[in-house]
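Chemist: next input, structure requested:
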Amino acid sequence: MAKANTTELLEALAAEIGDNVYIDIAKWHLYLSNAKLHTVVAEQLYSLITANKPVEENDVIRVLESIPVKIGGGKKELPLIDLLPLQCQVNLVDILEKYQREI
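Modeler: Purely as a prediction, here's the structure:
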């Protein structure tokens, strides 16, 4: 049952991230669900919400720096953190804090 709860939590977290966090390119907003990055982000950040310490922005930034995003048909890779506006980073931390309180 714990696995089902973990799976459900990850899916819900990924959905919320995908609907609320976006990449900003030339003032175009590409939500992470449309970019097919929401699940990867949720999986990478999951350990932060299950840790026995509060979610810290620096930890979230470190994870986002480690997620590569291919651009230009794969000619280049940029860390996800470089594509997220500051407000989306704040929203992401808020989402993680909310999920941490709920588990």
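Chemist: nearest the middle, which residue of the chain would you pick?
Modeler: Val41 (3.7 Å; CA atoms, centre = their mean).
Chemist: quick one: low-confidence parts of the protein?
Modeler: Along the chain, segments meeting pLDDT under 70 span 1-4.
Chemist: just the strands in it please.
Modeler: 22-25, 28-31, 68-71, 76-79 (DSSP state E).
Chemist: highest mean neighbour count out of the ones you listed?
Modeler: Stretch with highest mean neighbour count among those: strand 22-25 (a mean of 16; mean count of other CB atoms under 10 Å). For glycine as for every other residue, the C-beta is placed from the backbone atoms N, C-alpha and C.
Chemist: before we move on, back to that, now the residue nearest to the centre of the chain. Nearest residue, chain neighbours left out?
Modeler: Excluding its sequence neighbours, the residue lying closest to Val41 (CB to CB, 6 or more residues apart in numbering) is Ile17, at 5.5 Å.
Chemist: and the nearest residue to Leu78 once chain neighbours are set aside, how far from Gly18?
Modeler: Once flanking residues are discounted, Leu78 sits nearest to Val69: 5.4 Å by CB to CB, 6+ apart. Distance of Val69 to Gly18, given as CB to CB, to the nearest Å: 15 Å.
Chemist: how about Leu92?
Modeler: 11 Å.
Chemist: re the thing from before, check contacts around the residue nearest to the centre of the chain.
Modeler: 14, 17, 21, 32, 64, 67, 80, 92 (CB atoms under 8 Å, 6 or more residues apart in numbering).
Chemist: and for the closest residue to Glu16 other than its chain neighbours, the neighbour number?
Modeler: Once flanking residues are discounted, Glu16 sits nearest to Ile95: 5.5 Å by CB to CB, 6+ apart. By the criterion of other CB atoms under 10 Å, Ile95 has 21 neighbours.
Chemist: any idea how far Ile95 is from Pro68?
Modeler: 22 Å.
Chemist: just checking, Leu84 touches Ile25?
Modeler: No - no contact is recorded between Leu84 and Ile25 when judged using CB atoms under 8 Å, the distance being 10.8 Å.
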